[in-house]
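Student: Need a 3D model of the following:
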Amino acid sequence: MKEPHVRKPRPRPRSLHFVPVPRGLEPVLLAEMNALGLPEIAAEEGGAFFTGTLEDCYRANLWLRSGARVLRVLRRFPCRDDRALYREVREVDWFSHMSADQTLAVRVRLGRTPFTHSQFLSRRIKDAVVDQFRETFGRRPSVDREQPHLQIQAWFEGTECTLCLDTSGAPLFKRGYRSGTADAPLKENLAAALIGLTGWRGERPFFDPMTGAGTLAIEAALIAANRAPGLTRSRFGFQNWPDYQKSTWNRLCAEARKAIRPIEVEIQAADRDPRMIAMARQNAEAAGVGGAIEFVERDFRQTPPRSGVGVLMVNPPYGERSGREENLPELYKALGDVMKQRFTGWDAHVFTAQGELIKSIGLRPARRHILFNGALECRLLHYRIY
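Tutor: Prediction:
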């Protein structure tokens, strides 16, 4: 049988979507989703749901700063073994999502579930999809784990499976502006979420004394400029799909560009390594905020006293960075001294791993948040410098 170029998708006016976020940052994500006006938002541990149109999906991908991905939920079903999984996946009309000429990848996440072999489950899902094509057209989509046209995600909790399509493609932290890598960099969505937890919206000066690749300062500038983080991306997963509405996407991007505003607050970032400063400048230019950030080559210990009120935010090394042989307790003590001696009236926020290093700062935090940088448990510590 001859395969049509693509089967026209059935109308899909509203779909359930899930946006994962690093644990502990759900309130930041919910605030962003409400500000965007996404419909029918429901909180969930590790993220939030919304039920919206294609335009809502595009808007979420374009504007969300803290979210990791935007997943379109296809179906949820009880799943006690791989036969039930195969059968349920075969029930999906995969022809409306891709053609046999395109590629796919499957990603499986296991929660508290009796299933233990994610690769086996991934193969069973892939088999169900490609068998549908092979039996109908005599040929099948190929697998591309790096840049697939369609990325399928499934997560298992108990004996239930949730089957999704990844509308984002590459994760949303890949804004497209970072040209190089620093030691153990913060992901962009985590940096934006940390700033979100502080309540900073561009109304006070912002300073990062150990900037590395510049991620905290750049995300702060994007917030202050009301610049959508997705504008620097070259591609999203939904742009490969049969139901992609190019005119809607172009309109949303045009509206986002019109919403950009001038940055009228001081944003400064410093680092003692000239290579990091050069990289941070390059990244800021690529993000469209190069002229808004003052980058200074300077050790944080030489920071001059700052007057007025502002926000200091820093992600100092905490023993996980390669190639660093620092005396970390001494470094943290010096950081505490600089904060209390030269930043009177400021709010200081330190993001670091839990441990003895926190005590070396020598200040009592007014508040702390338990968060994760990947699998590493960390703390965001808030100090009010009187």
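
Student: Quick check: phi and psi at residue 52.
Tutor: Main-chain torsions, residue 52, degrees, to the nearest 10: phi -150, psi 180.

Student: what's the neighbour count on the nearest residue to it once chain neighbours are set aside?
Tutor: Spatial nearest neighbour of residue 52, excluding adjacent residues (Cβ to Cβ, 6 or more residues apart in numbering): residue 39 at 5.1 Å. For the C-beta atoms, the positions are set from N, CA and C on the backbone; glycine is no exception. Residue 39 has 12 neighbours, counted by other Cβ atoms under 10 Å.

Student: and if you look at residue 145?
Tutor: By other Cβ under 10 Å, the residues close to residue 145 number 11.

Student: Quick check: which element contains it?
Tutor: With elements delineated by DSSP states H and E, residue 145 resides in a region that no helix or strand encompasses.

Student: for residue 125, same thing?
Tutor: With DSSP H and E as the criterion, the answer for residue 125 is helix 118-137.

Student: Show me what the helix or strand just after that helix is packed up against.
Tutor: Next helix or strand after helix 118-137 toward the C-terminus (DSSP H and E): strand 142-143. Applying 3 or more Cβ pairs under 8 Å, 6 or more residues apart in numbering; DSSP states H and E, one finds that strand 142-143 contacts strand 103-110.

Student: Quick check: neighbours of the strand it packs on in the sheet, parallel or antiparallel?
Tutor: Partner strands and pairing direction for strand 103-110 (DSSP bridges) are strand 142-143 (parallel), strand 150-157 (parallel).

Student: Please identify the buried residues of that strand?
Tutor: 103, 104, 105, 106, 107, 108 (16 or more other Cβ atoms under 10 Å).

Student: With distance to residue 122 as extra columns, can I get the strands paired with strand 103-110 in a markdown table?
Tutor: Shown next, in a markdown table, are the strands paired with strand 103-110 (distance: least, Cβ to Cβ, whole Å):
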| stretch | distance to residue 122 |
| --- | --- |
| strand 142-143 | 10 |
| strand 150-157 | 8 |
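
Student: With mean neighbour count as extra columns, can I get those in a markdown table?
Tutor: Formatted as a markdown table, the strands paired with strand 103-110 follow (neighbours: other Cβ atoms under 10 Å):
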| stretch | mean neighbour count |
| --- | --- |
| strand 142-143 | 14 |
| strand 150-157 | 21 |
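
Student: do you know which of the ones you listed lies nearest residue 337?
Tutor: Checking the strands paired with strand 103-110 against residue 337 by Cβ to Cβ gives strand 150-157 as the closest, at 45.9 Å.

Student: Give the rounded mean pLDDT of that closest one.
Tutor: Mean pLDDT, strand 150-157: 96.

Student: Tell me the gap between it and the middle of its chain.
Tutor: Centroid separation for strand 150-157 versus its chain: 18 Å, with Cα atoms, centre = their mean, to the nearest Å.

Student: got the angle between it and helix 118-137?
Tutor: 130 degrees (axes from the mean of the first three to the mean of the last three Cα atoms, to 10 degrees).

Student: Domain map for this structure?
Tutor: Using automatic domain parsing, the domain parsing of the chain gives 15-166, 188-230+260-384.

Student: looking at those domains, which is closest to residue 249?
Tutor: Nearest of those (Cβ to Cβ): domain 15-166, 5.4 Å.

Student: Let's have the domains of the chain in a markdown table, adding distance to residue 243.
Tutor: Listed next are the domains of the chain as a markdown table, based on distance: least, Cβ to Cβ, whole Å:
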| stretch | distance to residue 243 |
| --- | --- |
| domain 15-166 | 7 |
| domain 188-230+260-384 | 19 |
